[in-house]
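This is a predicted model, with the sequence first.
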Amino acid sequence: MTSSTHALYRRSPAYLAICLALAIAHPASAQDATTTTNTVTNGPGATSNTNNGPSSNNAKTLAGMQVTANSAVTSLAPTQGSTIATEPQSIISTKFIQENIAPTGDYTDIAAISPSVYTVTPNGSGLMEAPVVSIRGFQDGQYNVTFDGIPWMDSNDFTHHSTSYFTNQETNSVVVDRGPGTAGTLGNATFGGTISVDSISPEQKFNINPYISFGSWDTAIEGARIDTGAMNNSGTSAVINIQNGSSDGYLSDAGQRRQSVFAKVVQPLGENTTLTFAAMANKLNQYVPFGATKAQIAQYGVNYALNNDPSSQAYYRYNEDQINTNFGYIGLHSEFDGWTIDNKAYTYGYNHFGFNGEDPNGETPNGTFYSADDVPGQHMRNTNRSWGDIFRLSKEIGPGEARTGVWYDHQDDIRWLYEFDDTLDKLNPVVDPGASTLQMAAADRLMYDSLVTIQPFIEYQWNITDNAYLVGGAKYDYFKRDINAPVNQKTETPLNYSKDWNATLPSLAFHYLFTSNWSAYAQWAKGYLAPNLNLFYVPNPAVSDAAIQPEKTTNLQLGTTWTEDRLTLSGDVYKINFNNFVQSQKVGGITEFYNGGGVHYKGVELEGTYMLGGGFSVYANGSINRAIQTADNTWNPNTPHKTAALGFIFDNGPVYASLVDKFVGKTYYTANANDDTPIGGYAVTNFAASYKFDPHITDVKDFKIGFQINNLFNNTAINALAGTTVADSTPLFWTIPGRNFNFTVSADLF
């Protein structure tokens, strides 16, 4: 165990004792692997759990139709299309998550199997925030991520902290929607699509499910899931998951410790109404690398990140995140006399203290206000709190259903960043030595900002025949930013300013059911992205913000899905025009923003699973993607030319095994004006196997042993640009984590 692990991962003795006792007495897994299907029936009066996209906006769909057909192949297909979707959609099954994703993983690792998705996890699954998660070339911040249908994000740029909220063991399924959805698809970034994460729900029977996992890099996960079953005559049920994890990580001195708890209570209120309470809390400590230059990789190895030298700006103790988050909602769902009401009131919070060396990659020499030898660094805090509500109402009217609703969200943020002398652990007054206080002399930024979003929508689904429907509508988006900055980012001058924008976003989709297991769709829709807070990082935002319109996409998509007992197959073609690209220029030395150019996207996507027989299945997906920036006809960064996956699965009784390879094609980065270099295509192959049996031990119903080998062929090539150095803009890179394993034991005690 490294020194960084000793410093970061001192567990609570009481917590350790409980976890080890559970592990020794009753080893167990996160969830029962006998789950048969994640099918969501959407017949009359039913809705899906995601509350996102056309397949889940309380839609009354055609009789007998389902998100996925209730057949044997749907329970084991890694990804599959939806028979009721009106845009390209990949449903990632519960079983695939349980069996194939590392116990440390998060939703980005799950989504990575989908066609057109490209993601990088340099420190190992879930062991640092994914620096790249691209869908068709749309980057994090250009698409929504929802949790049980609730959009969440940092309001400054709509990005997501993938390691700071829900864990794999708290995730039931993930759906990757590659499109803006219908009018009822809510969120600040419907621009590029939606990743919908659905949480676990209470099982019908009482059970205690402890689990423990060990793996490479001194990785350990301990936890337990408890399902109460029905606790009284009214049917109240609950589930809670408690989890502790730690790892040294693949990258040098980049360890992580994470503790999480999630709980959900479901309370039926009569025959047609359900009340749901859900909450989670997450505590995360991690040492954070920034990538490595090619020279550092050649000198120190492909996993170089931080070091153990207190005189270096890359010393691991100077580069740390301390993050606490929480998330909770109250949901009410009711159906009566053709009406459906669905409401979720929620709040979530993010509190992040961050520390980093001034230039951990070594191009900026040591030296502070106090000494030429002291180590310069930065201390920062980002904290935000969102409060919001999503209300949906639908009614069967005429030959279809009318749907309306509204989303309201208010997020307040505090952001500060100070220069520090890490050797002395005190403020370093080098920003403005003439300031009135030491704090202000060291301040790079001190900001208070807020974002208010209001999105009402209305749409109508016209059931033209028993086999066809047309759904059309519009969403009105209003958002307002306020900033009060004693020290504004970039300018380091005061700013007090506010600005509001609005946009109207129509959509139209046609769905046709050829047979009970074959459907097709055509979609036209507008997507959008609210302006980033960085529009205010200028001396006078009024110079440019009057001319700035929200970035928008116009989406044209055609697709089809086929599902039968042994085969599920779906495919689509798409063409997307992105315009109102927000760009910047300097006029008289002053940065101004304007709308200019955009990106043209187009491509083809396929995915399918076929059961060969005898428990064997074959899975494949693929995409050909093109994304060209219109201003200079260059390739859009972080957009692979193609992606593909091929997998073989054996699932027969207590035995499960899979061998899955994901290929990501060539991508480009632009590090500076003279360096536009492709990163070659690469493939990563993962193996997973598990066995579940009755151990004939009192109070132990099922016992499961699971094993995973990730990156089987140890491909450690460079796979992404991490950014550039502070001093000389030298490119920094990420590499693929080397071969690693996880071993998990688990049990159902009742």
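Everything's here; your move. All of these numbers come straight from a predicted model, not from anything done at the bench. Residues are numbered from 1 along each chain as shown.

Tell me if residue 108 really is in a helix.
Yes: secondary structure assignment places residue 108 in a helix (DSSP: H, G, I helix; E, B strand; the rest coil).

quick one, strands of the stretch 501-650 of the chain?
For the stretch 501-650 of the chain, applying DSSP state E, counting those that start in this stretch gives strands covering 518-529, 551-563, 567-579, 582-587, 590-595, 599-613, 616-629, 634-635, 642-652.

got JSON lines for the ones you listed, with mean pLDDT and distance to residue 365 too?
Every residue, glycine included, has its C-beta placed from N, CA and C. Shown next, in JSON lines, are these (pLDDT from 0 to 100; distance: least, Cβ to Cβ, whole Å):
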{"stretch": "strand 518-529", "mean pLDDT": "94", "distance to residue 365": "40"}
{"stretch": "strand 551-563", "mean pLDDT": "94", "distance to residue 365": "40"}
{"stretch": "strand 567-579", "mean pLDDT": "95", "distance to residue 365": "42"}
{"stretch": "strand 582-587", "mean pLDDT": "79", "distance to residue 365": "28"}
{"stretch": "strand 590-595", "mean pLDDT": "80", "distance to residue 365": "28"}
{"stretch": "strand 599-613", "mean pLDDT": "95", "distance to residue 365": "40"}
{"stretch": "strand 616-629", "mean pLDDT": "95", "distance to residue 365": "37"}
{"stretch": "strand 634-635", "mean pLDDT": "84", "distance to residue 365": "35"}
{"stretch": "strand 642-652", "mean pLDDT": "96", "distance to residue 365": "42"}
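
Of all those, which one is nearest residue 302?
Ranking these by proximity to residue 302 (Cβ to Cβ) places strand 642-652 first, at 22.9 Å.

Give the other helices and strands that the helix or strand that comes right after that closest one contacts.
Where DSSP states H and E defines the elements, the next helix or strand beyond strand 642-652 is strand 655-664. Secondary-structure packing of strand 655-664 (3 or more Cβ pairs under 8 Å, 6 or more residues apart in numbering; DSSP states H and E): helix 94-100, strand 642-652, strand 682-693.

Which one, of these, ends up nearest to residue 272?
Residue 272 sits nearest to helix 94-100 of all the helices and strands packed on strand 655-664, at 26.7 Å, using Cβ to Cβ.

For that closest one, which residues meet the burial criterion?
By neighbour count on 16 or more other Cβ atoms under 10 Å, the buried set for helix 94-100 is 94, 95, 96, 97, 98, 99, 100.

got it, and stretch 729-740?
In stretch 729-740, counting by 16+ other Cβ under 10 Å, buried: 730, 731, 732, 733, 734, 735, 736, 737, 738, 739, 740.

Pull up the distance across that stretch, start to finish.
With Cα to Cα, to the nearest Å as the measure, stretch 729-740 spans 32 Å from end to end.

do the same with stretch 290-297
The first and final residues of stretch 290-297 sit 13 Å from each other (Cα to Cα).

if I pick the closest residue in space to residue 556 that isn't next to it in sequence, what's in contact with it?
The shortest distance from residue 556 to any non-neighbouring residue, by Cβ to Cβ, 6 or more residues apart in numbering, is to residue 575 (4.8 Å). Neighbouring residues of residue 575 by Cβ atoms under 8 Å, 6 or more residues apart in numbering: 555, 556, 557, 600, 601, 602.

and with 10 Å instead?
Taking Cβ atoms under 10 Å, 6 or more residues apart in numbering, we find residue 575 in contact with 554, 555, 556, 557, 558, 600, 601, 602, 603, 626.

Give me the neighbour count for the third one.
In other words, residue 556. 15 (other Cβ atoms under 10 Å).

for it, which residues make a bridge with it?
For residue 556, the beta-bridge partners are residue 524, residue 575 (DSSP bridges).

what do you get for the last one?
With DSSP bridges applied, the residues forming beta bridges to residue 626 are residue 602.

So it versus residue 560, what's the distance?
Noted for residue 626: a distance of 21 Å to residue 560, by Cβ to Cβ, to the nearest Å.

hmm, back to that, distance to residue 198 for the helices and strands packed on strand 655-664 - can I get that in a markdown table?
As requested, the helices and strands packed on strand 655-664 are exported to a markdown table (distance: least, Cβ to Cβ, whole Å):
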| stretch | distance to residue 198 |
| --- | --- |
| helix 94-100 | 9 |
| strand 642-652 | 22 |
| strand 682-693 | 22 |
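
Find the residue closest to residue 280 in space, skipping its chain neighbours.
residue 262 (4.2 Å).

residues in contact with the one you found?
Shown in contact with residue 262 (Cβ under 10 Å, 6+ apart): 165-167, 169-171, 199-200, 225, 239-243, 278-282, 327.

where does the stretch 1-150 of the chain dip in pLDDT?
1-71 (pLDDT under 70).

ok, for residue 552, nearest residue in space, not its chain neighbours?
In space, and not counting its chain neighbours, residue 552 is closest to residue 528: 4.9 Å by Cβ to Cβ, 6+ apart.

Just give me the neighbour total for that neighbour.
Residues lying near residue 528 (other Cβ under 10 Å) number 23.

Test my guess that it contacts residue 506.
No: using Cβ atoms under 10 Å, residue 528 is not in contact with residue 506; the gap is 11.3 Å.

Overlap in contacts, these two.
Common neighbours of residue 528 and residue 506, using Cβ under 10 Å, 6+ apart, are residue 475.

That concludes my questions; thank you for your assistance.
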